[in-house]
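*Asks:* Sequence plus predicted model, see below.
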Amino acid sequence: MTETDNSGTGQLPEPRRVRRRIPRRADLAPLLRFRAARSAPGRASGRAHTIEDLRQMARRRVPRAVFDYVDGAAEQEIGIRRAREAFDGVQFHPRVLRDVSQVDTSADILGARAALPLILAPTGFTRMMHHEGEVAAARAAARARIPYTLSTMGTTEPEEVRACAPDARHWFQLYLWRDRAAGEALIERVDASGYETLMLTVDTPVGGARMRDVRNGFTIPPALTPRTLAGMAARPAWWWNVLTTEPLRFAAMTGFDGTVEELVARMFDPALAPVDVEWLRARWPRKLVVKGVHTVDDARMLADLGADAIVVSSHGGRQLDRTVPPLHLLPRVVAAVGDVCQVLIDSGVRSGADLAAARALGASAVMIGRPYLYGLMAGGEQGVERAIDVLATEYTRTLQLLGARTTDELAAEHVSLRQPT
């Protein structure tokens, strides 16, 4: 296309001349946005805008073996990729002309309101990610008004976590051990400490083959090998914190040195059966959650056995590889048992939009592990708080853009799942 002469003279108009001048100080002042230098890890994590930002910060702050333990999954890691791709395949169907100037993000989780449909999942060896460990996560959860779940494989005493975050909603995750008497003693200890919910994990008859850990020579606690000694130079702050705080150990069990797979093989009971769930239900007086459900039939069985909630879960892809994405199973499980018990979900969640999608497909709440551990590695307690804030901000915005004024308004009409080709 050529420029047209509209003057009638046949000549193009002269280009307008730009007058230049020297900028004054008053002109520059509004443009200056310098930030004060912030080097402390906790403050640095405040610059994260997404969970992926926190993940990249975490990668730079901890030794590779520690990061890979959190970030990795079983075998070829196909299952966790599928779980994430399931959320990537969510298609939203927003409603318009709804007043969303104010939204209520709260949700009922086992009979009490939480500020978000979100639970911090149980994670093992948490003080290895950051020396503040489980206490940091519990305190951040308390401020966010969401439940926190302490793991049997935790590195802080259940009583200490409870005392350090008295306002939190404390849940405890349980593996049933071969030594049933020791397991019963732990249940009594957790009960006496005032934990409101017990979560039984049932998808670990044996340990998954986590190949990153195998290749890294990862052990609990970290062994001082030539490789780890060399790593001290690259991550001195992490090693300083590990070596100058309480030694890493399993707070709920006797000492153990070795790989995760060796621990699971020695401690956990591969003969776990429905009768064991009945045994536990009879001994635990409060809410009981069963985690690791991956079929509709198992969901029905556990609902019949008295579970107050079940978690549709692939263990973050860390046990059996190539599993069906929990998000794809969720609607069928909710249809089967949702009127009997609550249905929770984990695995593959990375954003507040993922929370909204899971809730719209029937989940009462979503459990997260890696997202808050990235925050913990990036900046301790402040990093966990930042991870929760990121998810809360994204979740609130997603509600507004979907035209939903409350969490309870989210429904199947808001989402559809794009099936993989």
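*Replies:* Ah, there it is.
*Asks:* alpha carbons only for contacts and neighbour counts from here, please
*Replies:* Will do.
*Asks:* Next, count neighbours for T323.
*Replies:* 16 (other CA atoms under 10 Å).
*Asks:* How about the secondary structure of it?
*Replies:* coil (DSSP: H, G, I helix; E, B strand; the rest coil).
*Asks:* so it sits right up against G79, yeah?
*Replies:* Yes: at 5.3 Å, T323 counts as touching G79 under the criterion of CA atoms under 8 Å.
*Asks:* any residues in contact with both of these two?
*Replies:* Residues touching both T323 and G79 (CA atoms under 8 Å, 6 or more residues apart in numbering) are S314, G317.
*Asks:* ranges for the strands of the stretch 151-300 of the chain?
*Replies:* Using DSSP state E, counting those that start in this stretch, the strands of the stretch 151-300 of the chain run over residues 169-174, 197-201, 287-293.
*Asks:* In the stretch 1-150 of the chain, where is pLDDT below threshold?
*Replies:* Applying pLDDT under 70 to the stretch 1-150 of the chain flags residues 1-10, 31-42.
*Asks:* which stretches of the stretch 201-350 of the chain form helices?
*Replies:* For the stretch 201-350 of the chain, applying DSSP state H, counting those that start in this stretch gives helices covering 211-216, 226-234, 236-244, 260-267, 274-283, 296-304, 326-337.
*Asks:* what's the spacing between P117 and L410?
*Replies:* 12 Å (CA to CA, to the nearest Å).
*Asks:* which of those two has more neighbours?
*Replies:* For the pair P117 and L410, the greater number of neighbours falls to P117 (26 against 21), based on other CA under 10 Å.
*Asks:* May I have the beta-bridge partners of the closest residue to that one other than its chain neighbours?
*Replies:* Spatial nearest neighbour of P117, chain neighbours left out: A365 (4.3 Å); criterion: CA to CA, 6 or more residues apart in numbering. Beta-bridge pairing for A365 (DSSP bridges): L344.
*Asks:* give the contact list for A365.
*Replies:* Contacts of A365 by CA under 8 Å, 6+ apart are A107, I109, P117, L118, I119, V343, L344, I345, L355, A358, R359.
*Asks:* please redo it, this time with the cut-off set to 7 Å
*Replies:* Shown in contact with A365 (CA atoms under 7 Å, 6 or more residues apart in numbering): I109, P117, L118, L344, I345, R359.
*Asks:* With distance to F268 as new columns, can these be given to me in CSV?
*Replies:* Putting these into CSV (distance: CA to CA, whole Å) gives the following:
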residue, distance to F268
I109, 29
P117, 31
L118, 28
L344, 24
I345, 23
R359, 32
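*Asks:* which one of these is nearest R249?
*Replies:* Closest approach between these and R249, by CA to CA: L118, at 28.1 Å.
*Asks:* now the closest one: how far from D108?
*Replies:* Relative to D108, and taking CA to CA, L118 is found at 10 Å.
*Asks:* Neighbour count: those two, which is higher?
*Replies:* Using other CA under 10 Å, the more surrounded residue of L118 and D108 is L118, with 29 against 16.
*Asks:* For T398, which three-state class applies?
*Replies:* helix.
*Asks:* Tell me, how many residues neighbour the closest residue in space to it that isn't next to it in sequence?
*Replies:* Nearest residue to T398, sequence neighbours excluded (CA to CA, 6+ apart): A353, at 5.9 Å. Close neighbours of A353, defined as other CA under 10 Å, add up to 23.
*Asks:* A353 should be in a helix, yeah?
*Replies:* Yes: according to three-state DSSP, A353 belongs to a helix.
*Asks:* Tell me who's in contact with it.
*Replies:* So A353 contacts E394, Y395, T398 (CA under 7 Å, 6+ apart).
*Asks:* Quickly note the distance from the second one to N241.
*Replies:* Pointing back at Y395 there. 34 Å.
*Asks:* can you redo the strands of the stretch 151-300 of the chain as a markdown table with mean pLDDT?
*Replies:* Below are those laid out as a markdown table (pLDDT from 0 to 100):
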| stretch | mean pLDDT |
| --- | --- |
| strand 169-174 | 97 |
| strand 197-201 | 97 |
| strand 287-293 | 98 |
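*Asks:* so which of those strands gets nearest R418?
*Replies:* Comparing the strands of the stretch 151-300 of the chain against R418 with CA to CA, the closest turns out to be strand 287-293 (22.8 Å).
*Asks:* how about that closest one as CSV, C-alpha atoms only?
*Replies:* C-alpha atoms of strand 287-293 as CSV (Å, rounded to 0.1, in the frame of the first residue of the first chain):
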residue,chain,number,x,y,z
LYS,A,287,-11.9,-37.2,61.2
LEU,A,288,-10.2,-39.9,59.1
VAL,A,289,-8.9,-39.3,55.6
VAL,A,290,-7.5,-42.0,53.3
LYS,A,291,-5.0,-40.9,50.7
GLY,A,292,-3.9,-42.7,47.5
VAL,A,293,-7.3,-43.7,45.9
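*Asks:* buried ones in that strand?
*Replies:* By 16 or more other CA atoms under 10 Å, the buried positions in strand 287-293 come out as K287, L288, V289, V290, K291, G292, V293.
*Asks:* beta partners of the second one?
*Replies:* Read that as L288. L198.
*Asks:* quick one: contacts for it?
*Replies:* Neighbours of L288 in contact, by CA under 7 Å, 6+ apart: T197, L198, M199, A307, D308, A309.
*Asks:* check contacts around the fourth one.
*Replies:* Shown here is A307, whose contacts under the criterion CA under 7 Å, 6+ apart are L288, V289, V290, C341.
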